[in-house]
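Novice: give the three-dimensional model of this entry:
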Amino acid sequence: MSYPEPKYLGETGEVSAVFRPSDQPHDLPFTSGSAEYLATGDSTDSQFGLYRWNMGARQGGPDPHFHKGITESFYILEGTVTLYNGTEWVEADEGDFLYVPQGGVHGFRNDSDEPASMLLLFTPGAPREGYFENLKHLGRMSEEERAEFFDYHDTYWVDR
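Specialist: Coordinates of the predicted model:
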């Protein structure tokens, strides 16, 4: 394994860092939690997407599914999150980590009576914001619209 080819070809560096203070409002509040867009694929030139997912007690999440084009990683910050690792649902606590390569079956939810928070990392940086922001409209979509939505967002459901 070696380092990737350089993308920056200058000699002196540049001022291009992006700081997001911790008191910035949540980007996507929902009924029992929120999502914070820490680094979107758009802001990282499609290198990665990093999100903080905050869940209330007993908040559900996606059933087992996989992605064909993106990886997904989970790092538990607070509380307990139940993660599906492709074979079973496991309780993950603060500091636990799950990496899911393309094609890997996974899911998550909060089965506990306490709130939980985790980081979600997608590589490469796909436009996941549209996925997150439109989940609330699934109940109003026809079966065909729902299938197109999931196909567009590289999400394929499995029965487990």
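
Novice: C-alpha only now, for contacts and for neighbours.
Specialist: Will do.

Novice: so where's the chain shaky on pLDDT?
Specialist: Scanning the chain with the threshold set as pLDDT under 70 gives 160.

Novice: assign the residue nearest the centre of it to helix, strand or coil.
Specialist: With distances taken as C-alpha atoms, centre = their mean, L120 lies nearest the centre of the chain, 3.9 Å away. Secondary structure, DSSP: H, G, I helix; E, B strand; the rest coil: L120 is strand.

Novice: any idea how far it lies from Y156?
Specialist: 18 Å (C-alpha to C-alpha, to the nearest Å).

Novice: next one: R58
Specialist: Applying C-alpha to C-alpha to R58 and Y156 gives a distance of 24 Å.

Novice: equivalent analysis for G33, please.
Specialist: Distance from G33 to Y156, by C-alpha to C-alpha: 24 Å.

Novice: enumerate the beta-bridge partners assigned to the residue nearest to the centre of the chain.
Specialist: Y51, F74 (DSSP bridges).

Novice: now do the contacts for it.
Specialist: Residues counted as contacts of L120 (C-alpha atoms under 8 Å, 6 or more residues apart in numbering) are 49-53, 72-75.

Novice: thank you kindly, that will do.
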